[in-house]
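In: Requesting a structural model of the entry that follows:
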Amino acid sequence: MSIGPLKSQSTLYYPGVRVRERASKVSIKAGNYIEHLDVRLPSVEQRYRISGKLQFADHSPGARATVTFESLERGYFESTETGSDGSFGLTVIAGIEGQLNAQRVVLEPILRYPRALLPD
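Out: Numbers count the residues shown, from 1 in each chain. Below is the predicted model of the structure:
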C-alpha cells in the first residue's frame, strides 16, 4: 500500500466555506431527498491517492471486495471495489485521519425444491 504525504489546509463545510459559523445546514426529512445540491471541493483542496492490493493470508487476491477509508470523527468516507487481482485505489482529502477497511461479501445460493420433493 502507498500513501502520499498528508498536509491539510483545513476542514471544508457546505457550501465550500472553511469557517463552521458561515456554513449552511442541509436538512432532509426521512423519506425525502434533495435534487440539484451542488457540492464541490475547491481546486486548491489537496487530495492524495491511496492504492494497494488486497490479499488473503494465502496470498490469493481479494477480488470484488469493498475497500473503504472512513473518518468517524469527521463524518467522511470514500469507498471503491477491488479489481479481479485485488488492486484498489482511493482518492482522499489530505490531512484527515481515518481507518482503511476491506470487506468481501460472499452470497450463498438458496436451494429451492419443488413441493413434491420435500419430505412430509
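In: which other residues reach the host helix or strand of Ala102?
Out: In the assignment (DSSP states H and E), Ala102 maps to strand 99-103. For strand 99-103, the surrounding residues in contact (C-beta atoms under 8 Å, 6 or more residues apart in numbering) are 1, 50, 54, 62, 65-71, 82. From N, CA and C alone the C-beta is placed, and that goes for glycine too.
In: Most neighbours out of those residues, which is it?
Out: In terms of neighbour count, Val67 stands highest of those at 24 neighbours, by other C-beta atoms under 10 Å.
In: you'd agree that one is in a strand?
Out: Yes: if the criterion is DSSP: H, G, I helix; E, B strand; the rest coil, then Val67 is within a strand.
In: Could you work out the most separated pair of the contacts of strand 99-103?
Out: Greatest spacing in these, by C-beta to C-beta: Gly62 and Ser71 (22.5 Å).
In: follow-up on the earlier one: quickly run through the sheet partners of the strand holding Ala102, with directions.
Out: strand 66-71 (antiparallel) (DSSP bridges).
In: how about the strand it pairs with as PDB, C-alpha atoms only?
Out: Taking Å, rounded to 0.1, in the frame of the first residue of the first chain, the C-alpha atoms of strand 66-71 are listed here in PDB:
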ATOM      1  CA  THR A  66     -15.200  -3.200  -0.900                       C
ATOM      2  CA  VAL A  67     -12.300  -1.000   0.400                       C
ATOM      3  CA  THR A  68     -13.300   2.000   2.500                       C
ATOM      4  CA  PHE A  69     -11.400   4.900   4.000                       C
ATOM      5  CA  GLU A  70     -13.500   6.300   6.900                       C
ATOM      6  CA  SER A  71     -13.100   9.000   9.400                       C
END
